[in-house]
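A.B. asks: Pasting a predicted model and its sequence here:
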Amino acid sequence: MEAFGIAFVAEALFMLGENTLEKARGVKLTPRNLDKAFKSKLTFIEEAKKNFKAVIDLNQPNWIVAGLSRVGLAYEDLVNTMESAPAPRGLNDEQREYYEQGLLEKADKTKAKAISAYNLCLSTAAKLRWFNQYSEEAQQSLSKLDYSFKFIKEYRTQTGHVMANAEQPSFRGLQGQLGSGGREEKNGKKEDEEASDPAIAPQKSGTSPSKAGGELK
């Protein structure tokens, strides 16, 4: 598959993950539907994680960083759900305290996974020298979840690939990116325009996306 084609597949998978994560956020927990709603939310989150991990495996720098950031967000959303979940009806004070304590313990374990994913996002962005809105969001979330986190100078380095807050490549701008032919003559040889574009070229050095995806819990 051509480099730009892989980038567009990565974007499409990312958007699927975003939509699924939005569905998870839309599931509201009440004392009446607690078990059913919680399972539904978990199902959506797991589905979104699969999409984001598939994005990472496609080896596109912008989308690797985006996918890692969103895996962290999926865990963070689950933490928020558990911390704010209402206790089932009919519990006495002792049972309620036991229930809430167990839920908080699960939330702490999930928070550790969110922190790990966000840290992996930022370290990967630093190794790839690729910073964007998703790495910035990972930094902001990590600073709230982990009070010991300090955004080191290395993570702030501006890059020649994607400047901070730059827009991600999009198949919606395909015609504008490719022009009339997508190839041009230079020094008597045809060069692939997409291979020279860092926004759509596959990453050949630095952190392996398959390794980054494997490090996720």
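C.D. replies: In hand now; what should we look at?
A.B. asks: Burial check on K41, number of neighbours?
C.D. replies: Residue crowding around K41 was assessed by other C-beta atoms under 10 Å; the count is 22. Where C-beta positions appear, they are placed from N, C-alpha and C, glycine not excepted.
A.B. asks: How many residues are close by the residue lying closest to it once chain neighbours are set aside?
C.D. replies: Sequence neighbours aside, V27 is the residue nearest to K41 in space, at 4.4 Å (criterion: C-beta to C-beta, 6 or more residues apart in numbering). Neighbourhood size, V27 [other C-beta under 10 Å]: 18.
A.B. asks: Now do V27 against N62, distance only.
C.D. replies: Using C-beta to C-beta, to the nearest Å, we find V27 at a distance of 29 Å from N62.
A.B. asks: follow-up on the earlier one: quick check: the residue nearest to K41 vs D57, distance?
C.D. replies: 27 Å.
A.B. asks: same thing with S123?
C.D. replies: Taking C-beta to C-beta, one finds S123 at 18 Å from D57.
A.B. asks: do M15 as well
C.D. replies: Using C-beta to C-beta, M15 is found at 16 Å from D57.
A.B. asks: and P31, how many neighbours does it have?
C.D. replies: P31 - counted by other C-beta under 10 Å - has 12 other residues nearby.
A.B. asks: just R32 next, same as before
C.D. replies: 11.
A.B. asks: so it is in which element?
C.D. replies: Using DSSP states H and E, R32 falls within no helix or strand.
A.B. asks: likewise the one 4 residues further on?
C.D. replies: In the assignment (DSSP H and E), K36 maps to helix 34-57.
A.B. asks: which regions of this protein sit below the pLDDT cut-off?
C.D. replies: Along the chain, the parts satisfying pLDDT under 70 run over 1-3, 150-211, 213-217.
A.B. asks: packing partners for the longest helix belonging to the chain?
C.D. replies: Taking DSSP state H as the assignment, the helix of the chain that covers the most residues is helix 93-128. Helices and strands touching helix 93-128, by 3 or more C-beta pairs under 8 Å, 6 or more residues apart in numbering; DSSP states H and E, are helix 61-84, helix 133-145, helix 209-215.
A.B. asks: try 6 Å
C.D. replies: Here helix 93-128 touches helix 61-84, helix 133-145, going by 3 or more C-beta pairs under 6 Å, 6 or more residues apart in numbering; DSSP states H and E.
A.B. asks: Could you save those as TSV and add columns showing distance to I45 and mean neighbour count?
C.D. replies: Below are these laid out as TSV (distance: least, C-beta to C-beta, whole Å; neighbours: other C-beta atoms under 10 Å):
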stretch	distance to I45	mean neighbour count
helix 61-84	5	24
helix 133-145	16	19
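A.B. asks: how about those helices in a markdown table, adding distance to Y99?
C.D. replies: Below are the helices and strands packed on helix 93-128 laid out as a markdown table (distance: least, C-beta to C-beta, whole Å):
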| stretch | distance to Y99 |
| --- | --- |
| helix 61-84 | 11 |
| helix 133-145 | 23 |
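A.B. asks: List phi and psi for Q60.
C.D. replies: phi -110, psi 120 (degrees, to the nearest 10).
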